[in-house]
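Enquirer: below: sequence and its predicted model.
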Amino acid sequence: MAVTATLEEAVRAGVRDGDSIAMEGFTHLIPHAAAHEVIRQGRRELTLIRMTPDLIYDQLIGAGCAAKLVFSWGGNPGVGSLHRLRDAVEHDWPAPLSIEEHSHAGMVNRYVAGASGLPFAVLRGYAGTDLAKVTDSIAPVVCPFTGERLTAVSALNPDVTVIHAQRADREGNVQLWGILGAQKEAVLAAQRAIVTVEEIVDELDPRPGAILLPHWVIDWVCEVPGGAAPSYAAGYTDRDNDFYRDWDAVSRDRERFGEWITANVKERS
(Lines give C-alpha, C1' and ligand atoms only; values in the text may rest on other atoms or scores of the structure.)
Protein backbone atom coordinates (compact mmCIF):
# COMPACT_ATOMS: atom_id res chain seq x y z
CA MET A 1 0.00 0.00 0.00
CA ALA A 2 1.39 3.37 -0.99
CA VAL A 3 2.52 5.77 1.71
CA THR A 4 2.75 9.49 1.04
CA ALA A 5 6.23 10.64 2.05
CA THR A 6 8.86 13.24 1.35
CA LEU A 7 11.44 12.22 -1.21
CA GLU A 8 14.12 12.17 1.48
CA GLU A 9 12.02 9.79 3.59
CA ALA A 10 11.22 7.49 0.67
CA VAL A 11 14.83 7.17 -0.49
CA ARG A 12 16.08 6.67 3.06
CA ALA A 13 13.59 3.84 3.58
CA GLY A 14 13.60 2.35 0.11
CA VAL A 15 17.14 2.53 -1.30
CA ARG A 16 19.98 0.69 0.42
CA ASP A 17 23.67 0.30 -0.31
CA GLY A 18 24.21 -2.59 -2.71
CA ASP A 19 20.66 -2.51 -4.09
CA SER A 20 19.73 -3.06 -7.70
CA ILE A 21 17.73 0.02 -8.70
CA ALA A 22 15.77 0.72 -11.87
CA MET A 23 15.01 4.34 -12.76
CA GLU A 24 12.89 4.21 -15.88
CA GLY A 25 11.36 6.83 -18.17
CA PHE A 26 11.91 6.99 -21.93
CA THR A 27 13.07 10.54 -22.85
CA HIS A 28 10.15 11.69 -20.69
CA LEU A 29 9.28 11.45 -16.99
CA ILE A 30 12.88 10.62 -16.05
CA PRO A 31 13.16 10.71 -12.22
CA HIS A 32 16.10 13.11 -11.89
CA ALA A 33 15.05 14.53 -8.51
CA ALA A 34 15.01 11.04 -7.01
CA ALA A 35 18.48 10.32 -8.41
CA HIS A 36 19.78 13.51 -6.83
CA GLU A 37 18.39 12.42 -3.48
CA VAL A 38 20.21 9.09 -3.84
CA ILE A 39 23.43 11.06 -4.43
CA ARG A 40 22.78 13.32 -1.43
CA GLN A 41 22.26 10.31 0.81
CA GLY A 42 25.55 8.81 -0.34
CA ARG A 43 24.30 5.41 -1.51
CA ARG A 44 27.08 3.14 -2.76
CA GLU A 45 27.63 -0.13 -4.67
CA LEU A 46 24.34 0.18 -6.55
CA THR A 47 23.48 -1.86 -9.63
CA LEU A 48 21.87 0.70 -11.92
CA ILE A 49 19.25 -0.70 -14.31
CA ARG A 50 17.85 1.40 -17.15
CA MET A 51 17.05 0.93 -20.81
CA THR A 52 18.64 4.27 -21.73
CA PRO A 53 21.18 5.46 -19.14
CA ASP A 54 21.45 9.09 -20.14
CA LEU A 55 22.25 12.06 -17.90
CA ILE A 56 20.52 10.60 -14.83
CA TYR A 57 22.97 7.68 -14.62
CA ASP A 58 25.96 9.73 -15.78
CA GLN A 59 25.42 11.77 -12.63
CA LEU A 60 24.95 8.75 -10.34
CA ILE A 61 28.03 7.03 -11.78
CA GLY A 62 30.18 10.15 -11.54
CA ALA A 63 29.05 10.69 -7.95
CA GLY A 64 30.39 7.25 -6.99
CA CYS A 65 27.04 5.56 -6.36
CA ALA A 66 27.35 2.70 -8.87
CA ALA A 67 29.19 -0.61 -9.08
CA LYS A 68 27.37 -2.05 -12.12
CA LEU A 69 25.24 -0.86 -15.03
CA VAL A 70 22.58 -3.00 -16.75
CA PHE A 71 21.38 -1.24 -19.91
CA SER A 72 20.53 -1.35 -23.61
CA TRP A 73 21.77 2.04 -24.88
CA GLY A 74 23.86 4.76 -23.27
CA GLY A 75 24.44 8.33 -24.36
CA ASN A 76 23.47 11.98 -24.12
CA PRO A 77 20.50 12.08 -26.53
CA GLY A 78 21.28 14.13 -29.61
CA VAL A 79 24.63 15.29 -28.17
CA GLY A 80 27.15 12.47 -27.70
CA SER A 81 28.80 10.29 -25.09
CA LEU A 82 28.25 10.01 -21.36
CA HIS A 83 31.68 11.08 -20.14
CA ARG A 84 31.27 10.03 -16.50
CA LEU A 85 30.15 6.58 -17.67
CA ARG A 86 33.13 6.33 -20.02
CA ASP A 87 35.55 7.49 -17.33
CA ALA A 88 34.30 4.80 -14.96
CA VAL A 89 34.52 2.02 -17.54
CA GLU A 90 37.83 3.09 -19.06
CA HIS A 91 39.67 4.45 -16.00
CA ASP A 92 37.78 3.12 -12.93
CA TRP A 93 36.96 6.69 -11.84
CA PRO A 94 35.55 7.38 -9.32
CA ALA A 95 35.10 3.61 -8.93
CA PRO A 96 35.23 0.55 -11.22
CA LEU A 97 32.00 -0.06 -13.13
CA SER A 98 31.00 -3.38 -14.65
CA ILE A 99 28.48 -3.38 -17.49
CA GLU A 100 25.79 -5.77 -18.71
CA GLU A 101 24.48 -4.88 -22.16
CA HIS A 102 21.20 -5.83 -23.80
CA SER A 103 18.92 -4.69 -26.60
CA HIS A 104 15.83 -2.60 -25.86
CA ALA A 105 13.66 -5.62 -26.66
CA GLY A 106 15.72 -7.78 -24.34
CA MET A 107 15.42 -5.31 -21.46
CA VAL A 108 11.65 -4.95 -21.85
CA ASN A 109 11.22 -8.72 -22.00
CA ARG A 110 13.34 -9.10 -18.85
CA TYR A 111 11.09 -6.65 -17.00
CA VAL A 112 7.98 -8.45 -18.29
CA ALA A 113 9.32 -11.79 -17.07
CA GLY A 114 10.11 -10.27 -13.68
CA ALA A 115 6.66 -8.70 -13.44
CA SER A 116 5.04 -12.03 -14.42
CA GLY A 117 6.88 -14.07 -11.81
CA LEU A 118 8.72 -16.04 -14.51
CA PRO A 119 12.44 -16.90 -14.46
CA PHE A 120 13.10 -15.82 -18.05
CA ALA A 121 11.60 -14.50 -21.28
CA VAL A 122 12.04 -15.76 -24.84
CA LEU A 123 12.46 -13.66 -27.98
CA ARG A 124 13.93 -13.79 -31.48
CA GLY A 125 16.52 -11.12 -30.75
CA TYR A 126 20.31 -11.24 -30.44
CA ALA A 127 20.78 -13.47 -33.51
CA GLY A 128 24.11 -12.72 -35.13
CA THR A 129 25.50 -10.84 -32.13
CA ASP A 130 28.21 -11.82 -29.64
CA LEU A 131 26.31 -10.56 -26.58
CA ALA A 132 25.49 -14.07 -25.36
CA LYS A 133 29.24 -14.78 -25.15
CA VAL A 134 29.85 -11.93 -22.70
CA THR A 135 26.48 -11.61 -20.91
CA ASP A 136 25.40 -14.32 -18.50
CA SER A 137 21.75 -13.22 -18.63
CA ILE A 138 21.45 -14.14 -22.34
CA ALA A 139 21.34 -17.77 -23.48
CA PRO A 140 20.19 -19.72 -26.56
CA VAL A 141 17.13 -21.90 -26.15
CA VAL A 142 15.37 -24.35 -28.47
CA CYS A 143 11.58 -24.23 -28.74
CA PRO A 144 10.25 -27.62 -27.54
CA PHE A 145 7.38 -27.43 -30.04
CA THR A 146 8.98 -26.26 -33.28
CA GLY A 147 12.69 -26.80 -32.75
CA GLU A 148 13.35 -23.13 -33.55
CA ARG A 149 16.48 -21.68 -31.99
CA LEU A 150 15.55 -18.65 -29.89
CA THR A 151 17.09 -16.50 -27.17
CA ALA A 152 16.24 -16.55 -23.48
CA VAL A 153 16.90 -13.59 -21.19
CA SER A 154 16.74 -13.87 -17.42
CA ALA A 155 14.06 -11.99 -15.50
CA LEU A 156 14.79 -8.60 -14.00
CA ASN A 157 13.54 -8.08 -10.45
CA PRO A 158 15.06 -4.85 -9.13
CA ASP A 159 15.26 -4.36 -5.40
CA VAL A 160 13.66 -0.98 -6.01
CA THR A 161 12.17 0.81 -9.02
CA VAL A 162 11.87 4.59 -9.11
CA ILE A 163 9.73 6.45 -11.64
CA HIS A 164 8.26 9.92 -12.10
CA ALA A 165 4.64 10.46 -13.11
CA GLN A 166 2.21 13.28 -13.58
CA ARG A 167 -0.28 12.64 -10.79
CA ALA A 168 -1.35 10.48 -7.89
CA ASP A 169 -4.49 10.57 -5.82
CA ARG A 170 -4.53 10.57 -2.03
CA GLU A 171 -4.77 6.78 -1.89
CA GLY A 172 -1.54 6.47 -3.87
CA ASN A 173 -2.94 5.45 -7.26
CA VAL A 174 -0.56 6.84 -9.90
CA GLN A 175 -1.43 8.13 -13.37
CA LEU A 176 1.07 8.77 -16.17
CA TRP A 177 0.68 9.53 -19.86
CA GLY A 178 2.59 10.73 -22.91
CA ILE A 179 5.71 9.02 -24.22
CA LEU A 180 6.16 6.02 -21.94
CA GLY A 181 8.82 3.35 -21.68
CA ALA A 182 8.96 0.36 -19.36
CA GLN A 183 7.79 2.14 -16.20
CA LYS A 184 4.81 -0.11 -15.58
CA GLU A 185 6.78 -3.31 -16.09
CA ALA A 186 9.69 -2.07 -13.97
CA VAL A 187 7.38 -1.20 -11.08
CA LEU A 188 5.57 -4.55 -11.22
CA ALA A 189 8.88 -6.44 -11.33
CA ALA A 190 10.41 -4.69 -8.32
CA GLN A 191 10.47 -5.61 -4.67
CA ARG A 192 9.85 -1.96 -3.72
CA ALA A 193 8.64 1.06 -5.69
CA ILE A 194 9.05 4.81 -5.23
CA VAL A 195 7.04 7.18 -7.41
CA THR A 196 7.56 10.94 -7.57
CA VAL A 197 4.70 12.95 -9.06
CA GLU A 198 4.06 16.48 -10.22
CA GLU A 199 1.05 16.73 -7.94
CA ILE A 200 -1.22 14.78 -5.61
CA VAL A 201 -4.89 15.37 -6.38
CA ASP A 202 -8.22 14.42 -4.85
CA GLU A 203 -9.36 12.48 -7.93
CA LEU A 204 -7.74 11.19 -11.13
CA ASP A 205 -9.78 12.11 -14.20
CA PRO A 206 -9.57 9.95 -17.35
CA ARG A 207 -6.74 10.72 -19.78
CA PRO A 208 -6.45 9.15 -23.26
CA GLY A 209 -3.65 6.61 -23.33
CA ALA A 210 -2.89 6.98 -19.63
CA ILE A 211 -1.47 4.18 -17.52
CA LEU A 212 -2.78 3.71 -13.99
CA LEU A 213 -0.61 2.04 -11.38
CA PRO A 214 -2.75 0.99 -8.41
CA HIS A 215 -1.71 1.93 -4.90
CA TRP A 216 -1.06 -1.68 -3.87
CA VAL A 217 1.95 -2.02 -6.20
CA ILE A 218 3.62 1.16 -4.92
CA ASP A 219 5.33 1.70 -1.58
CA TRP A 220 6.00 5.45 -1.50
CA VAL A 221 4.47 8.38 -3.38
CA CYS A 222 6.26 11.73 -3.18
CA GLU A 223 4.97 15.05 -4.48
CA VAL A 224 7.95 16.57 -6.32
CA PRO A 225 6.95 19.25 -8.85
CA GLY A 226 9.51 19.41 -11.64
CA GLY A 227 10.97 16.09 -10.52
CA ALA A 228 11.74 15.03 -14.10
CA ALA A 229 13.84 18.10 -15.03
CA PRO A 230 15.79 18.47 -17.30
CA SER A 231 13.60 15.88 -19.04
CA TYR A 232 9.91 16.71 -19.13
CA ALA A 233 6.47 15.73 -17.91
CA ALA A 234 3.78 16.03 -20.57
CA GLY A 235 1.16 18.55 -19.52
CA TYR A 236 3.38 20.03 -16.82
CA THR A 237 6.96 20.84 -17.82
CA ASP A 238 9.06 21.17 -20.99
CA ARG A 239 12.36 19.53 -21.86
CA ASP A 240 15.42 21.69 -21.16
CA ASN A 241 17.33 21.10 -24.38
CA ASP A 242 20.05 23.60 -23.44
CA PHE A 243 20.87 21.56 -20.34
CA TYR A 244 21.52 18.44 -22.41
CA ARG A 245 23.84 20.38 -24.70
CA ASP A 246 25.64 22.07 -21.80
CA TRP A 247 26.06 18.77 -19.94
CA ASP A 248 28.61 17.57 -22.48
CA ALA A 249 31.15 20.18 -21.35
CA VAL A 250 30.30 19.80 -17.65
CA SER A 251 30.72 16.04 -17.66
CA ARG A 252 33.96 15.93 -19.67
CA ASP A 253 36.05 17.30 -16.79
CA ARG A 254 36.18 15.56 -13.38
CA GLU A 255 36.70 18.76 -11.41
CA ARG A 256 33.97 20.67 -13.21
CA PHE A 257 31.60 17.74 -12.76
CA GLY A 258 32.33 17.63 -9.03
CA GLU A 259 31.69 21.34 -8.70
CA TRP A 260 28.38 20.96 -10.52
CA ILE A 261 27.27 18.09 -8.26
CA THR A 262 28.21 20.05 -5.15
CA ALA A 263 26.41 23.20 -6.26
CA ASN A 264 23.33 21.67 -7.87
CA VAL A 265 22.75 18.43 -5.97
CA LYS A 266 24.51 18.19 -2.61
CA GLU A 267 23.79 21.78 -1.54
CA ARG A 268 20.14 21.59 -2.60
CA SER A 269 17.31 19.65 -1.04
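Expert: Happy to help now that I have it.
Enquirer: all strands of the stretch 151-269 of the chain, in order?
Expert: Secondary structure of the stretch 151-269 of the chain (DSSP state E, counting those that start in this stretch): strands at 160-169, 174-176, 192-201, 211-213, 220-223.
Enquirer: now do the stretch 1-150 of the chain
Expert: So, for the stretch 1-150 of the chain - with DSSP E, counting those that start in this stretch - the strands run 3-4, 20-23, 46-50, 66-71, 98-101, 120-123, 138-142, 149-154.
Enquirer: other SSEs contacting the fourth one?
Expert: If I follow you right, that is strand 66-71. Packed against strand 66-71 by the contact rule (3 or more CB pairs under 8 Å, 6 or more residues apart in numbering; DSSP states H and E) you find strand 46-50, helix 55-62, strand 98-101. For every residue, glycine as well, the C-beta is placed using N, CA and C.
Enquirer: need the ones you listed in a markdown table with mean pLDDT, can you?
Expert: A markdown table is the format used below for those (pLDDT from 0 to 100):
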| stretch | mean pLDDT |
| --- | --- |
| strand 46-50 | 98 |
| helix 55-62 | 98 |
| strand 98-101 | 96 |
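Enquirer: can I get the ones you listed in a markdown table including mean neighbour count and distance to Gly181?
Expert: Below are the helices and strands packed on strand 66-71 laid out as a markdown table (neighbours: other CB atoms under 10 Å; distance: least, CB to CB, whole Å):
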| stretch | mean neighbour count | distance to Gly181 |
| --- | --- | --- |
| strand 46-50 | 25 | 9 |
| helix 55-62 | 25 | 13 |
| strand 98-101 | 15 | 17 |
